[in-house]
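[1] Sequence first, predicted coordinates after that:
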Amino acid sequence: MKMQEIREFTDQELRRAIREHRQEIFDLRLQAQTGQLENAARIKKAKRDLARMLTEHTSRTKGITAK
């Protein structure tokens, strides 16, 4: 997910997406531990997307505008 897409989210949508990505990461890690995960790169992508969302959430909370 691109930062531009994340910036277009409303505050409520952003919080929902953060919750969903945290759950997705949990599920992927569980699948990896049980040997059911086919594409390990999905974990890395999900973590990066979550980090982007958290960065946007923090910048909104502190009132920082994007360039």
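    Perfect, I can see it now.
[2] Quick one: list the elements packing against whichever strand or helix holds D49.
    In this assignment (DSSP states H and E), D49 forms part of helix 41-62. If you count contacts as 3 or more CB pairs under 8 Å, 6 or more residues apart in numbering; DSSP states H and E, helix 41-62 packs onto helix 3-7, helix 11-34. The C-beta positions use only the backbone N, C-alpha and C, and glycine is treated the same way.
[3] for that helix, which positions count as buried?
    I43, A46, D49, L50, R52, M53, E56, H57 (16 or more other CB atoms under 10 Å).
[4] which one of these sits closest to D11?
    H57 (8.3 Å; CB to CB).
[5] mind checking pLDDT for A66?
    We note a pLDDT of 65 for A66 in this prediction.
[6] picking up where we left off before, export the buried residues of helix 41-62 as a markdown table, with columns for distance to T10.
    Formatted as a markdown table, those follow (distance: CB to CB, whole Å):
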| residue | distance to T10 |
| --- | --- |
| I43 | 27 |
| A46 | 22 |
| D49 | 17 |
| L50 | 18 |
| R52 | 16 |
| M53 | 13 |
| E56 | 12 |
| H57 | 12 |
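[7] thinking again about what came up before, what's the closest of the helices and strands packed on helix 41-62 to T65?
    helix 3-7 (10.1 Å).
[8] Distance from the helix holding D49 to the middle of the chain?
    4 Å (CA atoms, centre = their mean, to the nearest Å).
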